[in-house]
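Participant: generate a structure from the sequence data that follows.
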Amino acid sequence: MTQTAESTITPESSNALPGGRVLRVARRLMVVAVAASLSCSILLTDGKGAEVGTSTTLVDASMHASPALYIIFGVVLFVAIGRALRGGTDERRAVKTLNHAMLVIAAVAVVAVAASGIYFFAMPVTYWVHHGLVIQPFPFASVHATTSS
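Facilitator: Residues are numbered from 1 along each chain as shown. Purely as a prediction, here's the structure:
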């Protein structure tokens, strides 16, 4: 009499595949990085304009996410995966490293949206007409202003 045992791998059983839990957390980290990038692309795109003075000078300012922000997300992602592979003596430590990277990416995205939004809406549009140097919220967003008469 022979017995056949069917074994199924369920998402809850982390011991079914060696390193399966780490792979799931790494996948979640990548999803968080992509979601943070898309969110920043959407939330950091804005514009405003105004007429300045009686000479009908028009100022149009637009803001968009800085490419440096995406580089920051990518560096955090790859450094975390590398640290999990190199420094992870066990699965628990690797998962902890990847979870910390998720928090860092989420925190950078929240700070980027908040800091850039506050900067962009607190700066009066007329500032770009009278000042040659405008400090940008560099690692988070880029602001481009055009004037026309």
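Participant: can you show me the CA trace of stretch 84-91 as CSV?
Facilitator: This file holds the C-alpha atoms of stretch 84-91, laid out as CSV (Å, rounded to 0.1, in the frame of the first residue of the first chain):
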residue,chain,number,x,y,z
ALA,A,84,20.4,41.6,3.6
LEU,A,85,22.5,39.3,1.5
ARG,A,86,25.8,40.1,3.0
GLY,A,87,25.1,40.9,6.6
GLY,A,88,22.1,38.7,7.2
THR,A,89,23.3,35.9,9.4
ASP,A,90,19.8,34.6,9.7
GLU,A,91,16.4,35.2,8.1
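Participant: neighbouring contacts of it?
Facilitator: Stretch 84-91 has contacts (Cβ atoms under 8 Å, 6 or more residues apart in numbering) with 19, 21-22, 26, 93-95, 97-98. Heads up, the C-betas are built off the backbone N, CA and C, glycines and all.
Participant: buried ones among these?
Facilitator: 21-22, 26, 94-95, 97-98 (16 or more other Cβ atoms under 10 Å).
Participant: can you list the weak-confidence ranges in this protein?
Facilitator: For the chain, the stretches with pLDDT under 70 are 1-16, 54-55, 88, 128-135, 137.
Participant: the strands in it, which residues?
Facilitator: Along the chain, counting by DSSP state E, strands occupy 46-52, 57-65, 141-148.
Participant: among these, which comes closest to Val31?
Facilitator: strand 57-65 (18.6 Å; Cβ to Cβ).
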